[in-house]
Each structure stands twice: as structure tokens, then as C-alpha cells.
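A.B. asks: The sequence and its predicted three-dimensional model are supplied below.
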Amino acid sequence: MIYAQASGIATLQSSDVVIPLNGAAAKGKVIDSGSCGKNVNYELYDDYTLRIYGNGAMDNFMTYRNVTVLQRDQAPWGIELYKKIKAVVIENGVTHIGGRSFYECASLTKVTIANSVKSIGYAAFNGCTALANITIPNSVTSFGEWAFAGCSGLTNINIPNSVTSIGYAAFDECSGLTSITIPNSVTSIGEWAFAYCSGLTNITFPNSVTSTGVSAFYGCSGLTSINFPNSAISIGELSFYGCSGLKNITIPNSVTSIGKGAFDDCAKLKYVKIAKNVTEIGYGAFPQTGDEDLVIEFTSETPATLYDVESFGFLCTIYVPETALETYLNAKYWKDHADQIMPKNYATGINSISCKQSEKEATIYDLQGNKVTEMQSKGIYIVNGKKIMK
């Protein structure tokens with residue numbers, strides 16, 4: 001191989017093929033080269049810029065840590081070299097970034113992706129801890145599981161309008177991520193997609209999103225607000241488990257189901273308002289401990305289906321419509337929370353209660369807050385501050 005200079009453009013000549021070099025890499029010396037796909041090649045320069053060029057898809061690779069010999073299906077730039085790569089330039093013509101191509105390239109700080117790229121493979125940039133930002137072109141329609149997982153240096157990501165779903169654990173453990181823009185093209189957010197993104201403070205879902213996957217935002221401890229869309233949506237199991245910064249949540253009419261453990265271990269949660277279309281609530285959906293100040297307000301006249309007595313903890317207060325109070329108190333699993341369930345106007349209907357321990361001196365109110373002298377054979381009363389159903 002020899003270097004040549006023609007019309008001010010640096011080129012690298014190999015037999016009859018003349019390949020134009022890319023930008024700053026043209027000034028460097030090639031220290032490694034080869035094939036990384038059927039019609040795709042690479043060159044690594046002495047400034048540790050890696051150039052990917054050709055037509056079609058890169059191969060998918062496996063990279064092994066703490067191994068000194070080249071393994072089958074490992075990225076061809078080798079165990080020692082991949083740790084030193086600082087920049088990656090993927091040129092026009094390449095359509096797929098291979099799975100695990102840049103797995104744990106800890107020195108990688110800059111990535112340029114051409115508009116010809118349509119997909120980003122499994123764990124392609126997993127563990128690239130020095131990568132602070134990346135621009136994904138509008139040509140990309142999907143990225144694989146764990147694509148950017150462990151990129152703790154990423155502070156923001158713009159997902160293009162061409163992407164329709166965010167894959168399994170795509171941004172898992174991106175702890176430096178402070179904001180995300182989810183475009184209207186996205187309809188689903190996969191399992192563990194943003195789990196342990198502790199730097200995220202708020203999320204706004206577009207109306208196109210219809211579901212959040214299992215553990216999608218698990219352990220996002222910095223999250224303080226969620227704006228759900230006005231589209232049909234199911235909140236998946238453990239979706240917001242351990243989001244300890246959440247204090248208030250409003251579940252809109254669009255939501256029909258709240259999955260198992262969806263908001264469990266949200267230790268600072270104080271108030272949840274649930275609109276009327278929620279028909280199912282899973283086991284442990286809301287905090288089970290440390291929730292003595294938590295208020296959960298339901299607006300539906302029909303109790304949602306519970307699958308276990310522990311959908312709610314036994315310390316929170318549950319408000320329901322006054323006209324549906326008896327229905328809630330008799331519903332399966334709801335009846336186990338009878339001493340927590342209050343009619344919505346309870347706080348304003350009764351101005352004061354003089355609680356005396358003797359039944360003889362009991363103070364009795366009806367559900368309208370009126371003091372009565374005795375209870376009838378049927379009905380619901382407040383006696384010494386406790387709800388009694390006859």
C-alpha cells in the first residue's frame with residue numbers, strides 16, 4: 001500500500017482500488033485494516049479513528065473481555081485495539097452497525113453515522129462510558145437490545161422520528177442521561193429501556209405511545225414527574241419501580257391497566273389520582289411500606305379488578321366516589337382495605353370528631369357528616385373516627 005496525493009484529496013491506493021480517506025483520518029497512518037462485513041471494510045488510523053466504509057451491512061460480533069487472543073466472531077479490530085478507539089466514522093453506503101461492534105470501547109468519545117444506516121445492532125455501543133453525545137440519523141428505524149446500555153457519559157439523546165419502538169434495555173444504566181426526546185413515531189417502549197437512568201428528572205410521552213414495557217424506567221431515582229399521553233396505554237409491570245423521587249402522579253383516562261409493582265418502592269410518593277378508565281391493578285402496584293402519608297384517589301364508580309389484597313399497602317388512605325363507597329367496600333380484595341377507604345368528601349363533610357373510647361359515649365356520623373344518635377340496621381357510619389358498615 002502507498003499514499004498518493006491527487007487534486008488536494010488524500011487517497012489510499014491498494015492495487016486498482018482508490019479509496020478517499022475521511023477528514024482528519026486522511027492525515028493519519030493506517031495501523032490496522034480489514035473486512036467487517038461482506039462488502040464493508042475498516043481502517044484504523046494511528047490517532048485511533050476507526051473508519052467504516054463500503055456498501056451493505058456490517059457483521060454482528062462478539063467481544064470478550066480479559067481475553068488476549070482473537071475469538072471467533074469478535075470484532076476484527078482486536079482486543080487491545082478496541083480499548084483505544086477514540087472516534088468512529090461510519091460512511092455513506094453502510095446500512096447496519098453490527099452487534100457488539102464497539103462493545104466497551106471505553107475511550108470512544110465521538111461517533112459519526114451516515115444517513116445510509118438503517119439499524120444499530122445488539123449492544124453495538126454497550127459500555128462506551130466516555131461517549132457524551134451521539135446523533136442518530138433519521139434513516140435509522142430500529143436499534144437492538146442493549147444498543148447504548150452502560151453509556152454512563154451520555155447526557156442527552158435525540159431519537160429520530162423514523163424509530164417506532166425503543167428496544168429492550170436500549171439505554172439501561174445510562175446514569176448521566178438527563179433528558180430524552182421521544183418522538184411521535186414511537187408506539188412502544190421496551191422492557192428495561194431506560195432502567196437505572198438515575199439522572200432523568202422528567203418524562204413526557206407523546207400520544208403515539210401505547211405501552212411501557214416491564215421495568216422500562218426501573219430505578220430512575222431522579223425522576224420527579226411523568227406526563228402520560230392521552231392515548232390508550234398500559235403501564236407495564238415494575239415500569240416505575242424504585243423511582244424514589246416521584247411525589248405526585250396523575251393517571252389519565254387513557255390508561256386502562258396498571259401492572260404488578262408499577263409504582264412500588266416509590267418511597268416519596270404522596271398523591272396518586274387515577275382516572276375512571278383503569279380497570280385492572282396488579283399485585284403491589286403501589287408502595288407497600290413507608291407510605292403512611294400516601295393518598296390514592298379513584299374517580300371511577302366501578303372498582304378496578306384487583307388480583308391480590310396487596311395491590312396497595314395497608315397504611316395509605318384510599319379515596320373513592322361517595323356514591324360508590326359501598327360497592328368498593330364489598331368488592332373482592334378491596335374489602336380487606338375497608339379501614340383505609342374513605343368517601344371523597346369525607347375530609348370536608350365532617351368538620352370535627354370527638355373520639356371517645358366508650359361505645360356508650362360514641363360519636364356517630366353518617367357519610368354526609370351529620371351527627372346521628374343511633375345507627376340503622378343497614379348503612380355506613382363513622383363511629384369514633386372509624387368506618388362501620390351495618
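C.D. replies: Received, thanks. Numbers count the residues shown, from 1 in each chain.
A.B. asks: Where does pLDDT dip in the stretch 1-150 of the chain?
C.D. replies: Across the stretch 1-150 of the chain, the ranges flagged by pLDDT under 70 are 1-27, 63-73.
A.B. asks: Run through the helices of it in chain order.
C.D. replies: For the stretch 1-150 of the chain, helices defined by DSSP state H, counting those that start in this stretch occupy the ranges 79-82.
A.B. asks: Same question for the stretch 201-350 of the chain.
C.D. replies: For the stretch 201-350 of the chain, the helices defined by DSSP H, counting those that start in this stretch occupy 325-330, 346-349.
A.B. asks: List the buried residues in stretch 160-177.
C.D. replies: 163, 165-177 (16 or more other CB atoms under 10 Å). Any C-beta I mention is one placed from the backbone N, CA and C, and that applies to glycine too.
A.B. asks: chain center to it: distance?
C.D. replies: 8 Å (CA atoms, centre = their mean, to the nearest Å).
A.B. asks: rewinding a little: lowest average pLDDT across the helices of the stretch 201-350 of the chain?
C.D. replies: Among the helices of the stretch 201-350 of the chain, helix 346-349 carries the lowest mean pLDDT, at a mean of 42.
A.B. asks: Tell me where the stretch 51-200 of the chain has strands.
C.D. replies: 56-57, 87-90, 94-97, 110-113, 119-120, 142-143, 156-158, 165-166, 179-181, 188-189 (DSSP state E, counting those that start in this stretch).
A.B. asks: elements contacting the third one?
C.D. replies: Counting contacts by 3 or more CB pairs under 8 Å, 6 or more residues apart in numbering; DSSP states H and E, strand 94-97 packs against strand 49-54, strand 56-57, strand 119-120.
A.B. asks: which residues are contacting that strand?
C.D. replies: 37, 40, 52-58, 90, 113-114, 116-121, 124 (CB atoms under 8 Å, 6 or more residues apart in numbering).
A.B. asks: Kindly supply the ChimeraX command isolating those of those that are buried.
C.D. replies: Only the buried entries of the contacts of strand 94-97 go into this ChimeraX selection, using 16+ other CB under 10 Å:
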select :37,40,52,53,54,57,58,90,113,114,116,117,118,119,120,121,124
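A.B. asks: Am I right that Asn60 is in contact with Tyr103?
C.D. replies: No: using CB atoms under 8 Å, Asn60 is not in contact with Tyr103, being 11.0 Å away.
A.B. asks: Give me the more crowded residue out of these two.
C.D. replies: Under the criterion of other CB atoms under 10 Å, the comparison of Asn60 against Tyr103 puts Tyr103 first, with 23 against 19.
A.B. asks: Run through the residues that contact that one.
C.D. replies: Contact analysis of Tyr103 by CB under 8 Å, 6+ apart lists 61, 63, 75, 82, 123-127.
A.B. asks: hmm, back to that, make TSV from the strands of the stretch 51-200 of the chain and add distance to Pro321 to it.
C.D. replies: Converted to TSV, those look like this (distance: least, CB to CB, whole Å):
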stretch	distance to Pro321
strand 56-57	57
strand 87-90	57
strand 94-97	53
strand 110-113	53
strand 119-120	49
strand 142-143	44
strand 156-158	42
strand 165-166	37
strand 179-181	36
strand 188-189	32
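A.B. asks: Out of the ones you listed, which gets nearest to Thr305?
C.D. replies: strand 188-189 (23.5 Å; CB to CB).
A.B. asks: partners of that closest one, with directions?
C.D. replies: Paired neighbours of strand 188-189 in the sheet (DSSP bridges): strand 165-166 (parallel), strand 211-212 (parallel).
A.B. asks: Serialize those to TSV and add fields for distance to Gly259 and mean pLDDT.
C.D. replies: As requested, the strands paired with strand 188-189 are exported to TSV (distance: least, CB to CB, whole Å; pLDDT from 0 to 100):
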stretch	distance to Gly259	mean pLDDT
strand 165-166	18	86
strand 211-212	9	88
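A.B. asks: My guess is Glu145 contacts Asp172. True?
C.D. replies: No: between Glu145 and Asp172 there is no contact under CB under 8 Å: 9.3 Å.
A.B. asks: How many residues are close by the nearest residue to Pro343 once chain neighbours are set aside?
C.D. replies: Counting by CB to CB, 6 or more residues apart in numbering, the nearest residue to Pro343 once its immediate chain neighbours are dropped is Glu322, at 3.8 Å. Neighbour count of Glu322, defined by other CB under 10 Å: 16.
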